[in-house]
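Participant: here's a sequence, model it:
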Amino acid sequence: TVRIEAEHVFDCADIIGRVFDDHDRSGHQSAGEAGFAGVRIGTVRGVWITTDEHGRYHVPCHVLPQENGSNVILKVDPQSLPSGYTLTTENPRVLRVTPGKMARINFGAALSGVVRIDLDAAAFVPGGGEIADEIADGSAPTEALADAIRTIATDPASGHSVIRLRYHLGEEDRRVAYARLATVEALLRAAGAEHGHRPLKIEREISRAW
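Facilitator: Here you go, the predicted structure:
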């Protein structure tokens with residue numbers, strides 16, 4: 001049995017980086033922008049790295065499959081960011097690295113506002129009695145909801161906010177709730193794109209109305 005081990009100088013590359021508080025949303029770390037501790041970063045091989053108290057991380061001797069270099073992909077777990085923060089840089093990030101050389105991959109995140117939209121059956125035009133019909137026909141928003149969607153999507157601040165859709169489930173089937181949330185999200189994204197916003201950050205949630 002022959003086992004070939006990577007030689008640190010010639011066969012692999014060290015990767016360093018930091019997850020930082022991107023106050024100016026530039027995507028680059030500026031003076032005074034501190035790092036985030038405890039943020040998880042994953043590799044395509046399923047390895048997870050956690051940042052230190054200064055937001056720094058290190059991937060030692062990342063083995064490259066090609067002699068002349070290869071692409072490295074790293075991704076931040078958004079759930080490990082501090083509450084209210086969203087990424088301002090690409091995620092995942094892809095970088096071409098060369099064996100025997102060090103590379104840096106930084107991730108920026110900034111505090112975002114939260115626009116909360118609470119929905120229930122009253123916000124949609126009623127559909128048929130059957131579940132299939134209700135999913136197909138009962139997801140159209142009322143005119144009042146459609147107006148609210150247009151107002152939110154055209155607000156410039158929405159491009160820097162997290163839009164949190166919460167559906168309060170009543171007697172209707174849960175699948176109907178999913179379809180209605182998907183409809184609202186699609187309308188928000190379409191209206192935002194029409195007004196030149198970058199892709200909106202939208203979260204969906206279903207809760208049981210009591």
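Participant: hey, which helix or strand in the protein has the poorest pLDDT?
Facilitator: Least confident helix or strand of the chain, by mean pLDDT, DSSP states H and E, is helix 131-137 with a mean of 49.
Participant: C-terminal to that one, which secondary structure element comes first?
Facilitator: As assigned by DSSP states H and E, the chain's next helix or strand after helix 131-137 is helix 143-154.
Participant: show me what counts as buried in the longest helix along the chain.
Facilitator: Using DSSP state H to define each element, the chain has its longest helix at helix 174-194. Neighbour-count burial for helix 174-194 flags 176-177, 179-181, 183-185, 187-189, 191-192 (criterion: 16 or more other C-beta atoms under 10 Å). Where C-beta positions appear, they are placed from N, C-alpha and C, glycine not excepted.
Participant: closest one of those to residue 21?
Facilitator: Using C-beta to C-beta, residue 192 is the member of the buried residues of helix 174-194 that lies nearest residue 21, at 25.3 Å.
Participant: ok so, going back, so the helix or strand just after the longest helix of the chain versus helix 174-194, what angle?
Facilitator: For helix 174-194, the following helix or strand on the C-terminal side (DSSP H and E) is strand 201-208. Counting by axes from the mean of the first three to the mean of the last three C-alpha atoms, to 10 degrees, strand 201-208 points 160 degrees away from the direction of helix 174-194.
Participant: chain center to strand 201-208, what's the gap?
Facilitator: Relative to the centre of its chain, strand 201-208 is centred 14 Å away, using C-alpha atoms, centre = their mean, to the nearest Å.
Participant: ok, stretch 187-194 next?
Facilitator: The mean C-alpha position of stretch 187-194 is separated from the chain mean by 18 Å, C-alpha atoms, centre = their mean.
Participant: return that stretch as PDB; C-alpha atoms alone will do.
Facilitator: This file holds the C-alpha atoms of stretch 187-194, laid out as PDB (Å, rounded to 0.1, in the frame of the first residue of the first chain):
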ATOM      1  CA  LEU A 187     -44.400  39.600  -5.900                       C
ATOM      2  CA  LEU A 188     -41.900  41.300  -3.600                       C
ATOM      3  CA  ARG A 189     -38.900  40.100  -5.600                       C
ATOM      4  CA  ALA A 190     -40.500  41.100  -8.900                       C
ATOM      5  CA  ALA A 191     -41.400  44.600  -7.600                       C
ATOM      6  CA  GLY A 192     -38.000  45.100  -6.100                       C
ATOM      7  CA  ALA A 193     -36.200  44.000  -9.300                       C
ATOM      8  CA  GLU A 194     -38.400  46.400 -11.300                       C
END
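Participant: contacts for it?
Facilitator: 141, 146, 149-150, 152-154, 158-159, 163, 199-200, 202 (C-beta atoms under 8 Å, 6 or more residues apart in numbering).
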